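> here is a sequence with its predicted model. Questions after.
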Amino acid sequence: MQDTTQNHVMETVLFKLKDGVTTDAFLKAAEASVTYVESCSGFISRRLSGAAGTQWVETIEWASLADAEAASAGLAAAEGIGDFLAAVDETSVAMHHTQVQLSLR
């Protein structure tokens, strides 16, 4: 059986929330960003983990690096995503793209 995830890309974003942003407020803002992310070409899945006062991790699986880059390029202008972006301490952001090497379900 052929592995259809061979060219998939994992986008991993590490970040912290700005001081004063609660987990509940952030998750509400994250919910509002779902429409944009799911509408992007090549979107496969998204996970967000973390807790107030700690580092957060967002992982998004894309069909290709080009899809990930296109989604990132449109992020700032996307409707409904402003509160999500405003909650993140931009000085703490680190983003990486890696090719999926093994996928288990």
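On my side now, so go ahead. Numbers count the residues shown, from 1 in each chain.
> make it CA atoms for all contacts and neighbour counts henceforth
Noted.
> in contact with Gly50, which residues?
For Gly50, the contacting residues are 56-57, by Cα atoms under 8 Å, 6 or more residues apart in numbering.
> tell me where the chain has strands.
Shown for the chain, the strands assigned by DSSP state E span residues 9-15, 43-49, 56-62, 94-99.
> out of the ones you listed, nearest to Ala77?
strand 43-49 (17.9 Å; Cα to Cα).
> next, the angle from that closest one to strand 56-62.
For strand 43-49 against strand 56-62, the angle by axes from the mean of the first three to the mean of the last three Cα atoms, to 10 degrees is 170 degrees.
> quick one: low-confidence parts of this structure?
1-5 (pLDDT under 70).
> just to revisit the earlier point, and the strands of the chain: which comes nearest Ala87?
Using Cα to Cα, the nearest of the strands of the chain to Ala87 is strand 9-15, at 10.3 Å.
> what's in contact with that closest one?
Strand 9-15 is touched from outside by 55-65, 68, 88-90, 92-100, with contacts defined as Cα under 8 Å, 6+ apart.
> what pairs with it, and is each one parallel or antiparallel?
Sheet pairing of strand 9-15 (DSSP bridges) gives strand 56-62 (antiparallel), strand 94-99 (antiparallel).
> centre of the chain to that strand, how far?
From the chain centre to the centre of strand 9-15 is a distance of 6 Å (Cα atoms, centre = their mean, to the nearest Å).
> same question for stretch 69-83.
11 Å.
> which other residues reach it?
29-30, 32-33, 36-37, 40-41.
> ok, 6 Å please
By Cα atoms under 6 Å, 6 or more residues apart in numbering, the residues outside stretch 69-83 that reach it are 29, 32-33.
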